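Student: Next comes the sequence, and after it the predicted model I'd like to discuss.
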Amino acid sequence: MRFFGLRTFIALLLLTGAAGAQDQFPSKPITMIVPFGAGGALDLVARVLADGLRTELGQPVIVDNKPGANGLLAMRQAASSPPDGYTVILSSESNHVLLPLLDQKLPLNVGASFVPISLSGTFQHTLIVKKDLPVSTIKELIAYLKDNPGKLSFGSSGVGTQAHIAGEFLSLVTQSRMTHVPYRSSPAALNDLLSGNLDVNIQSMPAVRSYVDSSRLRMLAVLAPQRLPEVPNIPTMAESGYPDFVLSSWMGVFGPAGLPTELRDKIAAALVRVGKVPELQTRIRNAGTEPVGSDADTFARFVDAENTKWKSFIDRTGIKLNP
């Protein structure tokens, strides 16, 4: 009985200490890992969220860009971090949905390794071509691709990203056998297109918005469900005859598996408040992203729905990595 009492006392002491640590959270800086390089959509929003969370939680939030291995480096680092709330990752459908569906040999069980915390924002994509490509509409591009099989290239921010999947789908439906060129970030792909070294790119609106009126590229269509206010004269892919090309992106904050519900909900509540700050909303919209901010349960249901949607799309394309 005396031994049992000692064990019980120690257990209660540990539980009390854990509860106290959660009550005091955060007591030191938080790291927000981003799986892509500086200047992309996720990086831009991460820095706004970091500023907002600093105000809400009273501690600095350090944005740690970890591009490489199609986001796997960043995800592994986040997944292996202690589940104490001090390391989170701002990720997207490219990393948390597409890559696991595409790569049967992915050395990480993404679904089991992370806890959804909050949906942060959504953004759209556009199909752009280099200025010297002799096309000005999607119809002309399709004809040109079919007439030049194996001669054109398309870029993305990495294997398994939405831009990669959309580009491969375009290559398949036109039988053009475009060459995929993966980059470390979407700005890197955009820079190569601007310099004429890349022919076609599915580019995020956050990255391309400052080039809307530029003569250095040609924007042919947006992949959104309807035309975008930023580019009202640019048709959608659906309007151009390709209703399957309605693809949007999202970004959200995840923590490592084992993150206590109390900490998850505390971070989520802070992110919801950040998403409602008018100044921060403006900054996020200026980065080409529509701010959201959701509770953890809502985000978890959203991720489940995204898995179902993208599995159907990928199955239709037949694209697989490491089959």
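Tutor: Good, I have the coordinates. Numbers count the residues shown, from 1 in each chain.

Student: which SSE is Arg155 in?
Tutor: For residue 155 the amino acid is Gly, not Arg. Mapping Gly155 onto the secondary structure by DSSP states H and E places it in strand 153-156.

Student: List every C-alpha atom in the helix or strand that comes right after that strand, with coordinates, as PDB.
Tutor: Elements were assigned by DSSP H and E; along the chain past strand 153-156, the next helix or strand is helix 162-174. This file holds the C-alpha atoms of helix 162-174, laid out as PDB (Å, rounded to 0.1, in the frame of the first residue of the first chain):
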ATOM      1  CA  GLN A 162      -0.500  21.100 -57.100                       C
ATOM      2  CA  ALA A 163       1.400  22.900 -59.900                       C
ATOM      3  CA  HIS A 164       3.100  19.600 -60.800                       C
ATOM      4  CA  ILE A 165      -0.200  17.600 -60.800                       C
ATOM      5  CA  ALA A 166      -2.000  20.300 -62.900                       C
ATOM      6  CA  GLY A 167       0.900  20.500 -65.300                       C
ATOM      7  CA  GLU A 168       1.100  16.700 -65.800                       C
ATOM      8  CA  PHE A 169      -2.700  16.600 -66.300                       C
ATOM      9  CA  LEU A 170      -2.400  19.300 -69.000                       C
ATOM     10  CA  SER A 171       0.400  17.300 -70.600                       C
ATOM     11  CA  LEU A 172      -1.700  14.200 -70.500                       C
ATOM     12  CA  VAL A 173      -4.900  15.700 -72.000                       C
ATOM     13  CA  THR A 174      -2.900  17.400 -74.800                       C
END
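
Student: and helix 162-174, what's its mean pLDDT?
Tutor: Across helix 162-174, pLDDT averages out at 86.

Student: After it, which helix or strand is next?
Tutor: Remark: after helix 162-174, the chain's next helix or strand is strand 179-182, criterion DSSP H and E.

Student: Neighbouring strands - and their directions - for the strand holding Gly155?
Tutor: For strand 153-156, the paired strands and their directions (DSSP bridges) are strand 179-182 (parallel), strand 200-204 (parallel).

Student: Out of those strands, which one sits most buried?
Tutor: The highest mean neighbour count among those, using mean count of other Cβ atoms under 10 Å, belongs to strand 200-204: a mean of 27. Just so you know, the C-beta spots here come from the backbone N, C-alpha and C atoms, and that holds for glycine as well.

Student: Excluding sequence neighbours, find me the nearest residue to the residue minimising distance to the centre of the chain.
Tutor: With the centre of the chain defined as its mean C-alpha position, the nearest residue by Cα atoms, centre = their mean is Ser92, 2.4 Å away. Excluding its sequence neighbours, the residue lying closest to Ser92 (Cβ to Cβ, 6 or more residues apart in numbering) is Met251, at 4.8 Å.
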